[in-house]
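[1] structure, please.
(chains A, B and C)
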Amino acid sequence: MMAISVQNIADRFNAVVVGDPTRLIHAVAPFDQAGPRDLAFAVDASWIKQLKTAGAGAVMVPETLDISFLESMEATFIVCEHPKQFFFKMLSWFYPEKRPLSGCSSLAVTGQNFNCGKDPVISSHVFIGDDVTLGHRVWIMPGVFIGDGVCIGDDTVIKPNVTIMERSCIGKNVLIHSGTVIGSDGFGFTTDGQGHEKIVHAGFVQIDDNVEIGACNTIDRGTMGRTWVGQGVKTDNQVHIAHNVTIGPHTLLVAQTGIAGSSTLGRNVIIAGKAGVSGHLNVGDGAIVGPGAGVTRDVPPGEIVSGMPEMPHKNWLKVGRILPRLPEMRKLLLSLERKIKAIEKRIETE
Amino acid sequence: MMAISVQNIADRFNAVVVGDPTRLIHAVAPFDQAGPRDLAFAVDASWIKQLKTAGAGAVMVPETLDISFLESMEATFIVCEHPKQFFFKMLSWFYPEKRPLSGCSSLAVTGQNFNCGKDPVISSHVFIGDDVTLGHRVWIMPGVFIGDGVCIGDDTVIKPNVTIMERSCIGKNVLIHSGTVIGSDGFGFTTDGQGHEKIVHAGFVQIDDNVEIGACNTIDRGTMGRTWVGQGVKTDNQVHIAHNVTIGPHTLLVAQTGIAGSSTLGRNVIIAGKAGVSGHLNVGDGAIVGPGAGVTRDVPPGEIVSGMPEMPHKNWLKVGRILPRLPEMRKLLLSLERKIKAIEKRIETE
Amino acid sequence: MMAISVQNIADRFNAVVVGDPTRLIHAVAPFDQAGPRDLAFAVDASWIKQLKTAGAGAVMVPETLDISFLESMEATFIVCEHPKQFFFKMLSWFYPEKRPLSGCSSLAVTGQNFNCGKDPVISSHVFIGDDVTLGHRVWIMPGVFIGDGVCIGDDTVIKPNVTIMERSCIGKNVLIHSGTVIGSDGFGFTTDGQGHEKIVHAGFVQIDDNVEIGACNTIDRGTMGRTWVGQGVKTDNQVHIAHNVTIGPHTLLVAQTGIAGSSTLGRNVIIAGKAGVSGHLNVGDGAIVGPGAGVTRDVPPGEIVSGMPEMPHKNWLKVGRILPRLPEMRKLLLSLERKIKAIEKRIETE
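    Numbers count the residues shown, from 1 in each chain, chains lettered A, B, ... in the order given. Here you go, the predicted model:
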């Protein structure tokens, strides 16, 4: 187990130590589970309140806290600009990635005209087709299939059992989790009276730099042209992206969302878990779609929508509170109808 | 890059050329992106209107258009019966499938009593169990598992990293996309007070001819008897089909749909994206289930249903428009209640 | 084909035979499809009513039936305590699991410091990382990836093309179906103005004894600490379990459900198909969440909730009946409004 002094951690982030700078930290832990050898962080008000009783070896806290307040306690603090971000950076120090030696397994298969950068890791049971180009330090884990004409940029990591079909184009520093399928055919057929005839899907998938794709995603190739996942996009598990969809930079797709064919999502969009976006729609920059929502119309930039069909989120919150009261509303409505009939009758007879 | 003359294309479809029949076509493109070397098609009114300014080398158009109208323009047209279908047939001419040489990789494993037709492609990292029968020209891509006693018909293609469990029976000319699991155990247990005991799933999966199964589907075997996917069925990605389900011929299951155990779908049904069908239900021939719908009752043939729980689609469209106005309806209802009380009071006191 | 006498079956379950104990049974079948060589069972009233015309070689029936009533019929019965459970036990007798010979394929790869119990089956195209521990009789099917430091208990079976990432801890007698990914990174980022920076996921997945995980599940590791699937839990296909979730013992997760980060489900919970549970929630012991429900608040023990957002199930049933009538309710409401205005006018003018 590695250990690092509190001062050493502080130095990495231009942070100030309050307490014992020589204390050694051996691990990281959540604030409420941390012991005397652990580093923790506190940004929420609820944890800040409990700082006095903190059991952590050191707690990363925001600069907005009063230093004299911290000095009044026995614990050791690392006062810094972004406690949470810095804490998670320390996580990668304590849990460094264990990269295998460079090379190509004798149980891997590579095709003709293979263009491979420096220091690749090509593990066992990997299949690489013809005319494939890999950048430097690409790491392909076991059981991965890479089709003909695929390009993969520097420092990209492909986790086990991923399938990347022909002509897909993957950027630099991309991470693709296990079980994911990139470049499958879109769901496109021409239908006559009898049945459905397959349309050849001649397009491809383009994934830009710094993207992370979750486990068991399916990203279909374009029918013609590309399905495009912009730089910095992050997808959770079991996300489906149909043919010719465009996902703008830094957009987040939470688990089990689905984006239907030819829709376009802007930059910094968030699609919450299990939501769906119908085909040929636009979701504007910075828009947010709530969990389980079903989007059937364009969403303007910056708007927050929820529900099925989608509506402004604030509206949906009210609707959600009223829905369980529908039975009682209906009763009231019918009783009012009876009362009005009675009133009308009485007025008539007067 | 291959090239083909306009006349040559027209001859394939018994079509008439208006314009320059010697013009060479090098690629296909959508109407609004096509350049002078590209073939495009126009069937929608909006594109027909723009024919004059079409940039495409040639445009496939329907026979319903007036020839003299086409002759008045400078572009070249291929006038044919089914422009869209014919166009997509040309796609496969420009993007022919690249099939590897027949044979069985030395990194594949085949079991006892292997019955293999003519000209198979069995790629590396494929595992084939005992008593497996493959038809002619079957193509098994890398990383595929095929369990004991599986049958696969002529010309079927299994994409990388597919799992086909024992005794599954796959027809001719079937295409199964990557990551899909055929023949996993159904979700069936007997429960006593303590826990859940596994039921042995003794059935199998039968997939008929000309079926296409999308990426990351899961199709469970029958508990006893079969789970049956009828001929010509097409499924999109991430579709779940439970044990003992029957899917009728030419039915379409869009992405992320789920069909629960023992339900039966008829012919030419469409289940839109993210919809679910509960167990032990019948969905009649030609019925359509809308996106995200939750089907809890039988759906008669030809009916269109949407919503959760499902209702007639036209009804759902109205409901969907009213839902966001529930808060205002509730306000109105409460104000009417107050008014009626006031009126009643006034009448009483009169 | 194996055959077994009715008496022999009865002896296994301390059951009483009514009819011919020497009759030979060759297979099992559903009650309404069973022929003279088949074993069936009848527990539902509808089948009990049809016992007279049963075509099965023998029918397993409950002890609650009157023996003289059974004796009056020509068929053969096995009268026992739990006909359904006993029947399914016979299924595994007729369809015994075919386990390959113990050993490790020459096309498998095992890492350093491999700790392997007795009689393992390690199939072809399996990758096992460093510091892995397998219990006795573990069966790893083809195409499986097992990362560094993984532990797997006795008698566990891993189906083809499963991915188990580093440091996952799997119990005894666990069954994991194909395409499933255990221990992928959670969906966690720190976001500054520019983009999203990856959080190192330093935690792990713990799966306790007697768990069955369906096909194409994704179970993320904890950010810190564990994601925990308790003993006896059963998950259906395409289930997503996010980082730091706890699933209590014997809980059932039906197909396509999703549990968001840090939520805790109690014992014997049932989450029906396609339902979702938001993050940081508690679902109490024995609670049931209906199909397609969206859980946004804690669910107390034993409660049954449905709908989106979730509400008491009985309430939801009423709401579901009223939803299609919303348009007619709205019409009535507006007509009442008009009538009240008319009444008010009339009263004013009196």
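
[2] what does the helix or strand that residue A:345 is a member of contact?
    Using DSSP states H and E, residue A:345 sits in helix A:326-349. Identification of contacts with helix A:326-349 by C-beta atoms under 8 Å, 6 or more residues apart in numbering or on different chains yields A:322, B:329-330, B:333, B:336-337, B:340, B:343-344, B:347, C:315, C:318-319, C:322-323, C:325, C:329, C:332-333, C:336, C:339-340, C:343, C:346-347. Every C-beta, even on glycine, is put in place using the N, C-alpha and C of the backbone.

[3] tell me the spacing between residue A:98 and residue A:139.
    To residue A:139, residue A:98 is 11 Å away according to C-beta to C-beta, to the nearest Å.

[4] those two: which is more packed in?
    Set side by side, residue A:98 and residue A:139 show more neighbours around residue A:139, with 22 against 11, by other C-beta atoms under 10 Å in any protein chain shown.

[5] beta partners of the more buried one?
    residue A:121, residue A:157 (DSSP bridges).

[6] what does the stretch 151-300 of chain A have sitting close to chain C?
    Residues of the stretch 151-300 of chain A lying close to chain C (C-beta under 8 Å from any C-beta of the partner chain) are A:159-161, A:175, A:177-179, A:210, A:212, A:214-216, A:232, A:234, A:236-238, A:249-250, A:252, A:254-256, A:273-274, A:291-292.

[7] quick one: buried ones out of these?
    Buried subset of those (neighbour count, 16 or more other C-beta atoms under 10 Å in any protein chain shown): A:159-161, A:175, A:177-179, A:210, A:212, A:214-216, A:232, A:234, A:236-238, A:249-250, A:252, A:254-256, A:273-274, A:291-292.

[8] among those residues, which lie within strands?
    The strands, defined by DSSP state E, take in A:175, A:212, A:234, A:252 from these.

[9] can you give the distance of the helix holding residue A:345 from its chain's centre?
    On the basis of C-alpha atoms, centre = their mean, to the nearest Å, helix A:326-349 sits 52 Å off its chain's mean C-alpha point.

[10] in CSV, please show the C-alpha coordinates belonging to it.
    Listed next in CSV are the C-alpha coordinates belonging to helix A:326-349 (Å, rounded to 0.1, in the frame of the first residue of the first chain):
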residue,chain,number,x,y,z
LEU,A,326,-57.3,12.3,-10.7
PRO,A,327,-59.8,9.9,-9.1
GLU,A,328,-60.8,12.4,-6.5
MET,A,329,-60.9,15.1,-9.2
ARG,A,330,-63.3,13.0,-11.2
LYS,A,331,-65.5,12.4,-8.2
LEU,A,332,-65.7,16.1,-7.5
LEU,A,333,-66.4,16.9,-11.2
LEU,A,334,-69.3,14.5,-11.3
SER,A,335,-70.7,15.8,-8.0
LEU,A,336,-70.5,19.3,-9.3
GLU,A,337,-72.4,18.2,-12.4
ARG,A,338,-75.2,16.8,-10.2
LYS,A,339,-75.3,20.0,-8.1
ILE,A,340,-75.5,22.2,-11.2
LYS,A,341,-78.3,20.0,-12.5
ALA,A,342,-80.1,20.4,-9.2
ILE,A,343,-79.6,24.2,-9.2
GLU,A,344,-80.8,24.5,-12.8
LYS,A,345,-83.9,22.5,-12.0
ARG,A,346,-84.6,24.6,-9.0
ILE,A,347,-84.1,27.8,-11.0
GLU,A,348,-86.3,26.4,-13.8
THR,A,349,-89.1,25.6,-11.4
